[in-house]
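Student: sequence first, predicted coordinates after that:
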Amino acid sequence: MQPPSRQDYVSLSLPGLESGGYNNSKQWRRQSCWRKWKQLSRLQRSLILCIVVLLFIFGLATYPTVTEHLRGLGDGEHDTDSKDIPGPTFPPLLPEPDKVAQPALPEQTSQRKLSTKSRPVLQRRGNASEVVAAVQKAAVVKEDLEEGVISSWHGPLVDTNQATDGAKSKEKDNSPADHEAKLPQDSEASRLEEVRKAFRHAWSGYKQFSWGHDELRPISKTYSEWFGLGLTLIDALDTMWLLGLKEEFEEARAWVATELTFDKNVDVNLFESTIRILGGLLSTYHLTGDALFLDKAKDIGSRLMPAFNTPSKIPYSDVNIGKGIAHPPRWTSDSTLSEVTSIQLEFRELGRLTQEPQYQAAVDEVMKQIHKLDGKQDGLVPMFINTNNGQFTHQGVYTLGARADSYYEYLLKQWIQGGKKDHQLLEDYLQAIEGVKKNLLQKSSPHGLTFVGELSHGQFSPKMDHLVCFLPGTLALGAHNGLPADHMDLAKELMETCYQMYVQMETGLSPEIVHFNMHEGSIRDIEVKLADRHNLLRPETVESLFYLYRFTEDHKYQEWGWEILQNFNKYTKVSSGGYTSINNVRDPEYPSPRDKMESFFLGETLKYLYLLFSHDPDLVSLDQYVFNTEAHPLPIWPTAA
């Protein structure tokens with residue numbers, strides 16, 4: 001390389017200097033430095049350059065403004081499904097944790113719980129250009145995407161032990177949008193009132209547009225019928241009572257007294273009618289002492305009994321409550337395992353109250369037959385059973401999701417309901433949990449989330465239904481009742497996973513089904529197929545949060561439930577009244593409402609949220625009541641019973 005010539009420099013004349021004196025002196029000094037540089041050996045030049053680069057990097061890393069800027073740009077980033085260019089930003093829904101931790105390595109996750117929060121917000125500085133900041137933010141997002149840091153627009157995975165409590169959250173930029181999105185420092189009373197407000201809003205839509213009908217369609221402001229029995233109203237009776245909504249309860253009671261009749265020529269599903277109508281009426285009777293509800297429970301219970309008139313004593317799925325004729329679905333002679341094994345709590349309690357043994361005898365016979373059947377794998381059961389011969393069908397497929405889920409739940413709860421006397425039920429439950437651990441339990445990549453998959457003819461599938469999120473609560477309930485302590489450990493791990501199914505979605509709401517990544521090099525733990533992105537306002541996660549909070553008193557479970565309620569309000573609340581299920585939890589701009597409010601949103605989801613936010617362990621004591629699978633509390637029988 002040749003030294004620079006005079007023409008490489010611009011002449012500048014300054015007062016008090018001779019013409020060209022300043023420039024000639026400057027050029028001479030530069031030429032002299034260049035000669036000295038050229039005289040150095042290649043090794044010496046390399047060492048000097050390395051030192052300069054290291055000093056530059058060190059200065060950059062220790063400069064606080066730059067460091068703060070690099071750490072703060074992540075707020076509101078889009079998910080990793082997007083391209084390198086960041087998507088639209090959204091205001092964070094929650095306060096920031098005190099300290100953002102780095103994502104755990106897979107081998108660390110057994111000691112470390114993971115959660116997703118928003119990144120700290122950088123305070124706007126007067127000398128920063130918004131254009132430059134946007135370019136820098138794009139670079140940070142691209143780098144994070146390449147490194148697999150960003151799991152969703154909510155931010156990176158962080159340690160949940162870092163105080164999700166709003167009282168410990170960092171101060172943030174007080175821009176209007178951000179201020180509105182903050183998690184308020186709510187007292188217990190105000191959070192309970194928020195649930196009441198949500199219920200009243202849902203109820204107002206039901207009352208205006210679908211009074212006395214089964215389900216509200218809040219977008220079209222009309223209703224849909226399933227059985228034509230006021231399903232939402234009956235499902236919500238005990239919720240209104242527990243929430244102290246006296247006016248709403250009284251108008252619903254008046255409808256039950258004057259309008260509700262089961263003398264109808266209509267086919268109903270045995271399982272759904274049992275858990276929602278029979279369970280709801282029995283629960284309301286126990287909470288209120290009002291004989292009206294027991295009388296109605298006796299009526300519907302007796303009308304459902306023809307379903308058990310089958311060659312195998314395994315009940316048909318459908319029964320005409322007006323004609324007293326039961327039958328299987330038109331397309332099959334099978335019933336699902338969850339349908340025939342998740343009606344026991346209700347019929348057993350009806351038998352105890354009426355002193356009519358045929359109710360309990362019918363459902364106990366089902367459990368005895370399931371206990372003896374071949375076709376199980378380590379306590380896990382197939383999803384279908386034939387009502388003619390009483391044998392499992394479609395064998396080799398095992399899941400804790402749809403068509404099998406509440407079988408496992410009711411094994412434990414029947415044992416508790418009966419005073420922990422039936423060792424056959426306990427044996428089947430414990431064996432099933434060991435079967436889950438052996439066959440269905442795996443960890444995701446890259447963050448090692450524990451999840452429950454499915455088994456099909458020996459092939460494992462990392463598919464997990466949202467329905468499976470009942471399991472953390474059930475495991476915790478078992479541990480509370482003296483079952484192995486490692487059940488509680490597993491409950492906490494699975495509770496974290498179910499929470500991640502919410503916070504890793506752009507709306508903060510879980511899809512119906514997720515698939516977990518298990519191969520090395522995965523960027524994110526959870527993938528969601530297009531057909532599985534809907535949210536039906538399901539209760540299973542908040543149900544388990546309620547159990548975990550009751551038994552651990554860890555307030556993070558309340559915080560997680562509060563986040564979920566906020567997101568229900570943000571993405572599913574309909575201004576004219578009611579809440580709607582949505583089609584796409586990955587699209588916060590347009591989550592695509594489905595125009596349906598399931599009865600269980602009032603019967604279960606809001607009830608469990610209310611119980612979660614209450615600090616009163618005697619509000620439906622878990623030592624005195626057991627919840628059916630529709631969240632209707634039924635009494636645990638006295639030991640002498």
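Tutor: Received, thanks.

Student: so where's this protein shaky on pLDDT?
Tutor: By pLDDT under 70, the weakly predicted segments of the chain are 1-39, 58-186, 640-641.

Student: give me every residue that touches residue 456.
Tutor: 396-398 (Cβ atoms under 8 Å, 6 or more residues apart in numbering). For the C-beta atoms, the positions are set from N, CA and C on the backbone; glycine is no exception.

Student: go through these and name the one nearest residue 530.
Tutor: residue 397 (23.5 Å; Cβ to Cβ).

Student: surely that closest one touches residue 458?
Tutor: No: using Cβ atoms under 8 Å, residue 397 is not in contact with residue 458; the gap is 10.5 Å.

Student: higher neighbour count, these two?
Tutor: For residue 397 and residue 458, the more surrounded residue by other Cβ atoms under 10 Å is residue 397, and the numbers stand at 17 against 8.

Student: all helices of the stretch 201-350 of the chain, in order?
Tutor: Assignment of helices within the stretch 201-350 of the chain using DSSP state H, counting those that start in this stretch yields the ranges 231-235, 237-243, 246-258, 270-272, 279-288, 291-304, 337-341, 344-354.

Student: these: which one's closest to residue 574?
Tutor: Here helix 231-235 is closest among the helices of the stretch 201-350 of the chain (Cβ to Cβ), at 14.7 Å.

Student: list the contacts of that closest one.
Tutor: Helix 231-235 is touched from outside by 206, 210-216, 252, 255-256, 260, 276-277, 280-281, 597, 599-600, 602-603, 630, with contacts defined as Cβ under 8 Å, 6+ apart.

Student: is residue 48 in a helix, a strand, or coil?
Tutor: helix (DSSP: H, G, I helix; E, B strand; the rest coil).

Student: and it, how far from residue 56?
Tutor: Distance, residue 48 to residue 56, using Cβ to Cβ, to the nearest Å: 13 Å.

Student: what's the answer for residue 191, then?
Tutor: Distance from residue 191 to residue 56, by Cβ to Cβ: 51 Å.

Student: please say which of those two ends up with more neighbours.
Tutor: Set residue 191 next to residue 56 and count neighbours by other Cβ under 10 Å: residue 191 wins out with 20 against 10.

Student: contacts only, for residue 549.
Tutor: 555, 557-558, 561, 612.

Student: for residue 425, that is, sorry about that
Tutor: 367, 411-412, 414-415, 418.

Student: hmm, residue 216 is touching residue 206, no?
Tutor: Yes: between residue 216 and residue 206 there is a contact at 4.7 Å, judged by Cβ under 8 Å.

Student: give the residues shared as contacts by the two.
Tutor: Listed as contacting both residue 216 and residue 206 by Cβ under 8 Å, 6+ apart are 232, 578, 597.

Student: let me know the closest of those to residue 513.
Tutor: Using Cβ to Cβ, these come closest to residue 513 at residue 597, 20.9 Å.

Student: the closest one pairs with what?
Tutor: When assigned by DSSP bridges, residue 597 has beta-bridge partners residue 216.

Student: buried by neighbour count, from the contacts of helix 231-235: which ones?
Tutor: 206, 210-216, 252, 256, 260, 276-277, 280-281, 597, 599-600, 602-603, 630 (16 or more other Cβ atoms under 10 Å).

Student: which secondary structure element contains the closest residue to residue 629 other than its chain neighbours?
Tutor: The spatial neighbour of residue 629 that comes closest, neighbours along the chain excluded (Cβ to Cβ, 6 or more residues apart in numbering), is residue 406 at 4.4 Å. Element membership of residue 406, judged by DSSP states H and E, is helix 405-417.

Student: quick one: contacts of that helix?
Tutor: Contacts for helix 405-417 (Cβ under 8 Å, 6+ apart): 337-338, 341-342, 344-345, 348-349, 367, 370, 381, 399-400, 421-422, 425-426, 428-429, 432-433, 465, 467-468, 470-471, 474, 477-478, 481, 626-629, 634, 636-637.

Student: also stretch 573-586?
Tutor: Residues contacting stretch 573-586 (Cβ under 8 Å, 6+ apart): 79, 81, 198, 201-202, 204-209, 216, 218-219, 221, 505-507, 509-511, 528, 533-537, 568, 571-572, 590-598, 601.

Student: which of the residues you listed are buried?
Tutor: Of those, these count as buried by 16+ other Cβ under 10 Å: 79, 198, 201-202, 205-207, 209, 216, 218, 221, 505-507, 509-511, 528, 533-537, 568, 571-572, 591, 593-598, 601.

Student: secondary structure class of the residue nearest to residue 344 when sequence neighbours are not counted, three-state.
Tutor: The shortest distance from residue 344 to any non-neighbouring residue, by Cβ to Cβ, 6+ apart, is to residue 363 (4.3 Å). In three-state terms, and counting by three-state DSSP, residue 363 is helix.

Student: so residue 363 makes contact with residue 343?
Tutor: Yes: using Cβ under 8 Å, residue 363 is in contact with residue 343, at 5.9 Å.

Student: neighbour-wise, which of those two wins?
Tutor: residue 343 (29 against 24).
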